[in-house]
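>>> turn this into a structure:
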Amino acid sequence: MKSSPAPDEPCLSPHQILEQVFKRLEKYKHLNISEQFAMFMGKAQLLEIGLKSLLVRRYSHGYEKKKWTLGKTARELKKCALRGDFIFLLESVVDYRNYIAHELLANDAMLRSLTGGDSGRLELRTLEKGTIELEQILFLYDWCEEHNAWG
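You can find the predicted model right below:
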């Protein structure tokens with residue numbers, strides 16, 4: 001049987017997370033694929049910076065880690081035994097970030113070339129899914145910071 005959190009222990013329901021993520025996604029509604037790409041990459045950079053800062057503050061890593069990639073930072077946080085649920089989502093975000101950074105725009109351009117200018121929704125769907133997960137992990141990062149809920 002799953003135990004409930006202690007009365008003074010902060011917690012989030014899946015509904016609360018979903019509600020906040022949907023609010024955060026509003027700013028993407030009227031952006032084209034290039035603007036969505038830029039927003040995704042900028043926010044992924046902010047996540048990376050925040051996680052590196054977490055390594056320094058919580059796990060006494062030195063600032064020399066500032067050149068680490070998001071993937072390397074995620075692996076180090078996993079070694080440090082950061083919350084498993086957060087690491088699980090972070091690993092997925094790292095995969096999306098790598099695909100979006102290195103392949104998405106090239107694949108979209110190739111599809112446009114092959115189809116005479118319309119790439120359809122294939123690449124856009126991947127960007128949208130990655131954006132949803134990125135916004136979710138950014139919300140959870142902020143929440144864990146605010147409630148000191150990293151344990």
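>>> span of stretch 98-112 from start to end?
Separation of the first and last residues of stretch 98-112 by C-alpha to C-alpha, to the nearest Å is 21 Å.
>>> list phi and psi for the residue of the chain most remote from its centre.
Largest separation from the mean C-alpha position in the chain: residue 116, at 32.9 Å (C-alpha atoms, centre = their mean). Here is the backbone geometry of residue 116 (degrees, to the nearest 10): phi 80, psi 30.
>>> the nearest residue to residue 97 once chain neighbours are set aside: which element?
Nearest residue to residue 97, sequence neighbours excluded (C-beta to C-beta, 6 or more residues apart in numbering): residue 44, at 4.7 Å. To be clear about C-beta, it is placed using only N, CA and C from the backbone, and glycine gets the same treatment. Using DSSP states H and E, residue 44 sits within helix 33-59.
>>> ok, then the element right after that helix?
Scanning forward in sequence from helix 33-59 by DSSP H and E, the next helix or strand is helix 70-79.
>>> and the contacts of the helix or strand following that next one?
As assigned by DSSP H and E, the chain's next helix or strand after helix 70-79 is helix 84-99. With contact meaning C-beta atoms under 8 Å, 6 or more residues apart in numbering, helix 84-99 is reached by 40-41, 44, 47, 51, 70-71, 74, 77-78, 126, 129-130, 133-134, 136-137, 140-141, 144, 150.
>>> now list the buried members of those residues.
By neighbour count, with 16 or more other C-beta atoms under 10 Å, the contacts of helix 84-99 hold 40, 44, 47, 51, 70, 74, 77, 126, 130, 133-134, 136-137, 140-141, 144, 150 as buried.
>>> for this structure, which spans come out with low pLDDT?
Across the chain, the ranges flagged by pLDDT under 70 are 1-7, 63-65, 118-122.
>>> gap between the spatially most central residue of the chain and residue 11?
Nearest residue to the geometric centre of the chain (C-alpha atoms, centre = their mean): residue 134, 2.8 Å. Residue 134 sits 23 Å away from residue 11, going by C-beta to C-beta, to the nearest Å.
>>> so the nearest residue in space to residue 149 that is not next to it in sequence, which of the three states?
With sequence-adjacent residues excluded and distances taken as C-beta to C-beta, 6+ apart, residue 149 is closest to residue 10, at 5.7 Å. Classification of residue 10 by DSSP: H, G, I helix; E, B strand; the rest coil places it in coil.
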